[in-house]
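1. whatever this is, show me its structure:
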Amino acid sequence: MRRREFITLLGGAAAWPLAARAQQPTMPVVGFLSPGSPESDAFSLTVFRQAMNETGFVVGRNVALEYRGMQGHYDLLPALIADFVRRPVAVIVASGTTPGALAAKAATTAIPIVFTIGVDPVDAGLVASLNRPGGNITGIFNLTGLLVAKRLELLHELMPNVSVVAFLANPNNAPFTEYEMIEVQNAARSLGLELRILNASTVGEIDTAFATLAQVRTGALLISNETFFNYRREQIVALAARHAVPTMYGQSQWPTGGGLISYGFNIAETYRQIGVYVGRILKGEKPANLPVQQATKIELVINLATAKALGLTVPFTLLGRADEVIE
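-> Prediction:
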């Protein structure tokens, strides 16, 4: 899709699916902001809507949902947030993006905001504390920035003879990338691994990063659990297979879609919590009084078919700890 067409789609209220605000003027409107697309967010949005249903809010009946997906174009953030504030929506959901949560907080002190991010929201300046967020913002800390060190450790356990590992990061998501970078570099030092940093923030740069793997002589790859990469999941899994590089990911959708191994938070749990918080806010509760929740369910998923295609034997110690093994 060309950029002009994409911006036109956003201007037309890109939706999955949306209740028409003009047809239901008395409905509160939830603005859902994501770095992804309706297709990449389909599962998350389904869980989110189901959770709102449990709190008494059904999209199209007594609440409207307006989705805005950036598809990795972080430069669209100011315009999208400004549109939500101008309407105004009743609640803003800043999904999976620290820049989005920060932009929403900077844009309004009146509209409640619910975020899901991978960095510590206190360190990021979003909330005063996890127990007492203060202001108009709360959400879910999914711990993914902290889990990158464990992902590298698990990748090393899978590939103990590999001494050089590449890390693919998105420099356009600076707060999250910097947070992950510190964790993964510390982990690499403690494991005695050489770390090669590869940057990509566009589709073409992802292709280029994989093309340089042989040049940097890496034996394995760790993908940042950054939302732009999650949106490009099919492309990255296909490239990992084409270049025959064992790759660690941050969400279970990767190995279920053909990737090798993942370790990260449970998406269903996270978006259910977000949906419940939005419902509670629509009923009148204040974000300042809703503690920031932390992800509690962390999953290790291994795709044995992909391991076999790569000529890998997964250690029994790793298989025994897996929450799901795909044969």
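2. for the lengthiest helix in the chain, buried residues please.
-> The longest helix of the chain (DSSP state H) is helix 174-191. Going by neighbour count (16 or more other CB atoms under 10 Å), the buried part of helix 174-191 is 175-177, 179-181, 183-185, 187-188, 191. C-beta here means a position set from N, CA and C on the backbone, and glycine is covered the same way.
3. and the contacts of that helix?
-> The contact list for helix 174-191 (CB atoms under 8 Å, 6 or more residues apart in numbering) reads 97-99, 102, 117-120, 123-124, 145-146, 148-150, 152-153, 156, 165, 167, 169-171, 194-195, 197, 222, 224-226.
4. what about the helices in the stretch 51-200 of the chain?
-> Using DSSP state H, counting those that start in this stretch, the helices found in the stretch 51-200 of the chain span residues 77-86, 98-107, 144-158, 174-191.
5. low-scoring stretches of the stretch 1-150 of the chain, by residue?
-> Residues of the stretch 1-150 of the chain that meet the criterion pLDDT under 70 lie in 1-25.
6. can you rerun that using 80?
-> For the stretch 1-150 of the chain, applying pLDDT under 80 flags the ranges 1-26, 72.
7. what about the strands in it?
-> With DSSP state E, counting those that start in this stretch as the criterion, the stretch 1-150 of the chain has strands at 29-34, 64-69, 91-95, 113-117, 137-141.
8. who does the first one pair up with?
-> This points to strand 29-34. For strand 29-34, the paired strands and their directions (DSSP bridges) are strand 64-69 (parallel), strand 91-95 (parallel).
9. what about the nearest residue in space to residue 96 that is not next to it in sequence, how many neighbours?
-> Distances taken as CB to CB, 6 or more residues apart in numbering put residue 227 closest to residue 96, at 4.3 Å, once the chain neighbours are dropped. For residue 227, the neighbour count with other CB atoms under 10 Å is 27.
10. for residue 227, list the residues it contacts.
-> Residue 227 sits next to 34-36, 72, 96-97, 173 when contact means CB under 8 Å, 6+ apart.
11. highest neighbour count among those residues?
-> Taking other CB under 10 Å as the neighbour criterion, residue 96 ranks highest of the contacts of residue 227 with 31 neighbours.
12. so it versus residue 116, what's the distance?
-> 6 Å (CB to CB, to the nearest Å).
13. try residue 296
-> 14 Å.
14. can you check residue 79 too?
-> Separation of residue 79 from residue 116 (CB to CB): 22 Å.
15. so which of the helices of the stretch 51-200 of the chain is nearest residue 301?
-> Residue 301 sits nearest to helix 144-158 of all these, at 11.0 Å, using CB to CB.
16. residues of the closest one that come out buried?
-> Using 16+ other CB under 10 Å as the test for burial, helix 144-158 gives 144-156, 158.
17. any chance of TSV for these, columns distance to residue 213?
-> Shown next, in TSV, are those (distance: CB to CB, whole Å):
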residue	distance to residue 213
144	23
145	24
146	26
147	23
148	19
149	22
150	23
151	18
152	17
153	21
154	20
155	14
156	17
158	17
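18. and the furthest pair within the residues you listed?
-> So, these by CB to CB: farthest apart are 145 and 158, at 21.6 Å.
19. SS state for residue 241?
-> What DSSP: H, G, I helix; E, B strand; the rest coil gives for residue 241 is helix.
20. what's the neighbour count on it?
-> Residue 241: 16 surrounding residues under other CB under 10 Å.
21. OK, contacts around it?
-> Residue 241 makes contacts with 258, 306, 309, as judged by CB under 8 Å, 6+ apart.
22. from memory residue 258 sits against residue 306, does it?
-> Yes. With contact defined as CB atoms under 8 Å, residue 258 reaches residue 306; the gap is 6.2 Å.
23. of the two, who's got more company?
-> With neighbours defined as other CB under 10 Å, residue 258 and residue 306 compare such that residue 306 has more, 21 against 17.
24. and the more buried one, that's in a helix?
-> Yes. Using three-state DSSP, the assignment for residue 306 is a helix.
25. might one say that it is in contact with residue 262?
-> No. With contact defined as CB under 8 Å, residue 306 does not reach residue 262; the gap is 11.1 Å.
26. to what extent is residue 319 buried, counted in neighbours?
-> Residue 319: 13 neighbours (other CB under 10 Å).
27. just checking, it touches residue 302?
-> Yes. Look at residue 319 against residue 302 with CB under 8 Å: they come within range, at 6.7 Å.
28. list residues touching both of these two?
-> Shared contacts of residue 319 and residue 302, defined by CB under 8 Å, 6+ apart, are found at residue 325.
29. tell me the domain boundaries of this protein?
-> For the chain, whose domains are defined here by automatic domain parsing, the residue ranges read 3-143+266-298, 144-264+299-326.
30. so which of the strands paired with strand 29-34 gets nearest residue 209?
-> Among the strands paired with strand 29-34, strand 64-69 comes nearest to residue 209, with 23.1 Å by CB to CB.
31. which parts of the closest one are buried?
-> Neighbour counts over strand 64-69 (16+ other CB under 10 Å) mark 64-69 as buried.
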